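In: After the sequence you'll find the predicted model.
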Amino acid sequence: MPRFDITPYVDMSPAEVRQRIRSGEITFPTAGMCRGYAQANLVILPPEYAADFKEYAEKNPFPCPVLEIIEGTPETHAMGEGGNIVTDIPEYFIYRNGEFSEKVNDASAFWKEGYVGFLIGCSFSFEEALMKAGIEIRHIATGRNVPMYKTNIQTVKAGPFEGPMVCSMRPMTPENARLAYDITVKFPNVHGAPVHMGDPSVVGVADIMKPDYGEAVEIREGEIPVFWPCGVTPQAAIEAAKPPIVITHSPGHMFITDIPNAELNDYLQAKKQSK
């Protein structure tokens, strides 16, 4: 049986789901909600860390594709007019000096003047394309949070930010894995192609049933684990940088944007070219 039920929210608009999150109705992972719309990871930092983190994201575009930078107030514009990054995510993690401190459903009390928020692309954005191709996404099918792992793939350092790439994993048959590669390689601005398929020990994962974030899912006979760069990577970098305080999303609990998945890669490409 599913651990939580996203059925009522699959075809709601992003604005309506954000409002239901804000009201406290939704406190569980958002994968599969607002069919067709992109979801985003979150990092909020004190101002003295913002420039280094922006450079870190630019140097590591596959795990950390920046969708929007939010300054001045926590309100969003490009990714959803009227959205709010401290109220519109079902669950937040608070880090203090690089260590996990607590989780909350509303981070309003932690926002201070000068803080800078980063919305970062999420692998949920390409899952819609995979499902349209007939590939089962196990964590959605079973009502679980996607499993995520710290790997032995190192990110490029910027300032105090460094550390392992976090990867999300989806089990598939080898045939579906090849199809998934062909689909996701066309989305270079939203994590792109898998970084590894097969033996998890090659990327430093000792026990596939013990993810560092999220929940384990069944890997059936004849299936292989398929790993993609994940927007939770900044949380591993935060542990290295040790800012006095950082607000992030709780893994799997995302900000739902007003940008359709089908348009997000082109939107980000156009944004790059306009700079």
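Out: Right, received. Where do you want to start? Numbering: from 1, shown residues only.
In: where are the low-confidence patches of the protein?
Out: 1-3, 275 (pLDDT under 70).
In: in it, which spans are helices?
Out: Applying DSSP state H to the chain gives helices spanning 14-22, 47-59, 124-132, 138-141, 174-184, 233-241, 261-273.
In: Please identify the deepest-packed of those helices.
Out: Most buried of these, by mean neighbour count (mean count of other Cβ atoms under 10 Å): helix 233-241, with a mean of 23. Every residue, glycine included, has its C-beta placed from N, CA and C.
In: Which elements pack onto that one?
Out: Taking 3 or more Cβ pairs under 8 Å, 6 or more residues apart in numbering; DSSP states H and E as contact, the helices and strands that helix 233-241 lies on are strand 37-45, helix 47-59, strand 92-96, strand 164-172, strand 246-249.
In: Mind putting these into TSV with distance to Ala31?
Out: Supplementary listing: the helices and strands packed on helix 233-241 in TSV, determined by distance: least, Cβ to Cβ, whole Å:
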stretch	distance to Ala31
strand 37-45	8
helix 47-59	23
strand 92-96	17
strand 164-172	10
strand 246-249	12
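In: right, and these - which one's nearest Glu221?
Out: Between Glu221 and the helices and strands packed on helix 233-241, the tightest spacing by Cβ to Cβ is seen for strand 164-172, at 10.7 Å.
In: returning to that earlier point: how about the helices of the chain in CSV, adding distance to Glu218?
Out: Listed next are the helices of the chain as CSV, based on distance: least, Cβ to Cβ, whole Å:
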stretch, distance to Glu218
helix 14-22, 28
helix 47-59, 33
helix 124-132, 17
helix 138-141, 7
helix 174-184, 15
helix 233-241, 25
helix 261-273, 26
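In: how much space between Ala51 and Pro211?
Out: To Pro211, Ala51 is 32 Å away according to Cβ to Cβ, to the nearest Å.
In: My error: substitute Val202 in the last question.
Out: Remark: distance between Val202 and Pro211 (Cβ to Cβ) = 17 Å.
In: Nearest approach to Ile219 belongs to which of the helices and strands packed on helix 233-241?
Out: strand 164-172 (4.2 Å).
In: strands paired with that closest one, and their directions?
Out: Within its sheet, strand 164-172 is paired with strand 148-154 (antiparallel), strand 224-229 (antiparallel), according to DSSP bridges.
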